[in-house]
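A structural model of the following input is requested.
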Amino acid sequence: MKNILIISESIDIDDSSGSKVNVALILNLAALGYDVKVLHYSRKDIKLDGVTCVSIPEIKFSINYLLSRFQRVFQRVTKKNVSKFLERNFGHSFTFFNDAKSISKSIDKHYSNQDLIITLSKGASFRPHYAMLSLPILHSKWMAYVHDPYPFHYYPRPYNWVEFGYQFKEDFFREVSEKANYSAFPSVMLKDWMGSYYFNFNKTGVIIPHQNLSFNKPQEVDIPDYFDIEKFNLLHAGNLMSKRDPRGLVDGFNKFLENNKGAELSAQLLLIGGADYHKEYLNSVIGHQIYWSGKNVEYREVEMLQKMVSVNIILEAKSEISPFLPGKFPNCILANKPILLLGPHYSETKRLLGDDYAYIAEIDDVDLICSQITKLYINWKLDKNASLNRPDLQYYVGLAFLKNTIDNLI
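You can find the predicted model right below:
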């Protein structure tokens, strides 16, 4: 048995997709027989089966803590946001620095000669990675998991935002790339992408795909009222962020309904998750054939739907390249339902599905989206239990591939 210490920013599966994939990796490492201890900054007491979980306390007696609280009061009273000024001059907020110090103090306290230390983050934070930089004695056992490009201006177009203090963030991540003995990425294309900015990632990087999140004690989940198992259901689960525009999908689905007599009675498009940027548009198109939840839905309900629908949809931003592996990808693979991929020609998801995979279209190609949905619909009418049938991808996102990767390191 090998001992693994994981420092995770959060293990609350309902706060973000990043936390879901963190928990999935943690649970699967434990399922493989590793002795796993997790230090987490979720700010609540959370238990995971087979895992020792320790909630990291926030330091409340430090200059950074006092400055962060003063900043909040100052902004509330004056109505002036000074965050941009602070990040431009320091790279991060006082809260970031205090959180990182809280995490590093907990690592120093709870480390007990583990064989491997893995830092997991979410969003654009990477607080655990920053915390580990202050503990050089542990760098030889450190694996820095990089789930997305960092800093934000390293995202491929159409993302084009440059953060304040970006030069500090570049220096921070260059140090991560040089100090962590191992680095891990959920996708081959992301490893290559980040390796083009930080060369050392090319030498230290391994691939650990996002894992399927499963529980030893599954809970019964009621089938929601909006779902009719007898229908041809297409499901997009997950947040529709600003660059994930659903208009092409909706227009392609409506054109499919127009072209296929009777489909309006037997087909439904389900959009499950938040979509603040597209809220007005989605409220204007929902109806009998199109359902939008209007908010995030509990993970267990989404997981159940992914296994019961006719088609799972993966929708990516309009771009030349998408090096990301969507967090939902392993769940869609193990749900074993056909996948409709709407994304660019150069995409990690497309790379994995293969160039000869049948159901792929650009996000705004309405005619091709309509055609792909029509083919899926015809196949569904012939076989209501049509499956994805990709044992190669089930292996890739499964326990055996993960075990082989970790064992080769430790």
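
can you pull the contacts of the residue lying closest to residue 198 once chain neighbours are set aside?
Closest residue to residue 198 apart from its sequence neighbours, by Cβ to Cβ, 6 or more residues apart in numbering: residue 177 at 3.8 Å. For every residue, glycine as well, the C-beta is placed using N, CA and C. Taking Cβ atoms under 8 Å, 6 or more residues apart in numbering, we find residue 177 in contact with 144, 183, 194, 198, 199, 200, 201, 204.

what's the farthest-apart pair in the residues you listed?
Maximum pairwise distance among the contacts of residue 177 (Cβ to Cβ): 14.8 Å, between 144 and 199.

neighbour count: those two, which is higher?
Here residue 144 and residue 199 are compared on neighbour count by other Cβ atoms under 10 Å; more neighbours surround residue 144, at 28 against 12.

which residues of the stretch 201-350 of the chain score low on pLDDT?
214-219 (pLDDT under 70).

ranges for the helices of it?
With DSSP state H, counting those that start in this stretch as the criterion, the stretch 201-350 of the chain has helices at 247-259, 263-266, 279-285, 299-308, 329-335, 348-353.

any buried residues in the fourth one, and which?
Okay, so that is helix 299-308. Within helix 299-308, the residues scored as buried using 16 or more other Cβ atoms under 10 Å are 299, 300, 301, 302, 303, 304, 305, 306.

restrict it to CA atoms and write it as PDB.
Taking Å, rounded to 0.1, in the frame of the first residue of the first chain, the C-alpha atoms of helix 299-308 are listed here in PDB:
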ATOM      1  CA  TYR A 299     -24.900  16.000  -9.000                       C
ATOM      2  CA  ARG A 300     -26.700  12.700  -8.300                       C
ATOM      3  CA  GLU A 301     -29.700  13.700 -10.300                       C
ATOM      4  CA  VAL A 302     -27.500  14.700 -13.300                       C
ATOM      5  CA  GLU A 303     -25.600  11.400 -13.100                       C
ATOM      6  CA  MET A 304     -28.800   9.500 -13.200                       C
ATOM      7  CA  LEU A 305     -30.100  11.400 -16.200                       C
ATOM      8  CA  GLN A 306     -26.800  10.900 -18.100                       C
ATOM      9  CA  LYS A 307     -27.400   7.100 -17.800                       C
ATOM     10  CA  MET A 308     -31.000   7.300 -18.800                       C
END
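
residue 16: neighbour count?
Residue 16: 17 neighbours (other Cβ under 10 Å).

let me see the contact set for it.
10, 122, 123.

closest one to residue 396 out of these, please.
Taking those together and measuring to residue 396 by Cβ to Cβ, the closest member is residue 122, at 22.8 Å.

now name the helix or strand holding the closest one.
Residue 122 belongs to no helix or strand when elements are defined using DSSP states H and E.

now it. Its backbone dihedrals?
Residue 122 has phi and psi values of phi -150, psi 160 when expressed as degrees, to the nearest 10.

thought residue 9 was touching it, still the case?
Yes. Assessed by Cβ atoms under 8 Å, residue 122 is found in contact with residue 9 at 5.3 Å.

in the protein, which residue is closest to the centre?
Here the mean C-alpha position of the chain is nearest to the C-alpha of residue 327 (Cα atoms, centre = their mean), at a distance of 3.8 Å.

so who does the most far-flung residue of the chain relative to its centre touch?
Distance from the C-alpha centroid of the chain, by Cα atoms, centre = their mean, peaks at residue 261 (37.9 Å). Neighbouring residues of residue 261 by Cβ under 8 Å, 6+ apart: there are none.

need the contacts of residue 16 in a markdown table with neighbour count, distance to residue 17 and pLDDT, can you?
Compiled in a markdown table, the contacts of residue 16 are given as follows (neighbours: other Cβ atoms under 10 Å; distance: Cβ to Cβ, whole Å; pLDDT from 0 to 100):
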| residue | neighbour count | distance to residue 17 | pLDDT |
| --- | --- | --- | --- |
| 10 | 23 | 11 | 92 |
| 122 | 22 | 8 | 88 |
| 123 | 13 | 10 | 83 |
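
and those residues, which is closest to residue 402?
Using Cβ to Cβ, the contacts of residue 16 come closest to residue 402 at residue 122, 19.7 Å.

against residue 19, how distant is the closest one?
6 Å (Cβ to Cβ, to the nearest Å).

now do the shared contacts for these two.
By Cβ under 8 Å, 6+ apart, the residues touching both residue 122 and residue 19 are 9, 10.

assumed residue 404 was part of a helix.
Yes. Counting by DSSP: H, G, I helix; E, B strand; the rest coil, residue 404 is part of a helix.

just the strands from the stretch 151-300 of the chain, written as ranges.
With DSSP state E, counting those that start in this stretch, the ranges of strands along the stretch 151-300 of the chain come out as 182-185, 205-207, 232-237, 267-272, 290-292.

confirm residue 5 sits in a helix?
No. Read with three-state DSSP, residue 5 is strand and lies in no helix.

is it in a bridge, and if so with what?
Beta-bridge partners recorded for residue 5 (DSSP bridges): residue 37, residue 117.

ok, it - how many residues close by?
Residue 5, neighbours per other Cβ under 10 Å, totals 25.

do residue 286 as well
15.

give me the nearest residue to it, chain neighbours excluded.
residue 292 (5.1 Å).

who are the contact partners of that neighbour?
Neighbouring residues of residue 292 by Cβ under 8 Å, 6+ apart: 271, 275, 282, 283, 286.

mind redoing it with 10 Å?
Going by Cβ atoms under 10 Å, 6 or more residues apart in numbering, residue 292 touches 226, 236, 240, 246, 250, 269-275, 278-279, 281-283, 285-286.

again, but for residue 68
62, 86, 93, 94, 95, 96, 97, 98, 99.

quickly find the element holding it.
Going by DSSP H and E, residue 68 is part of helix 63-78.
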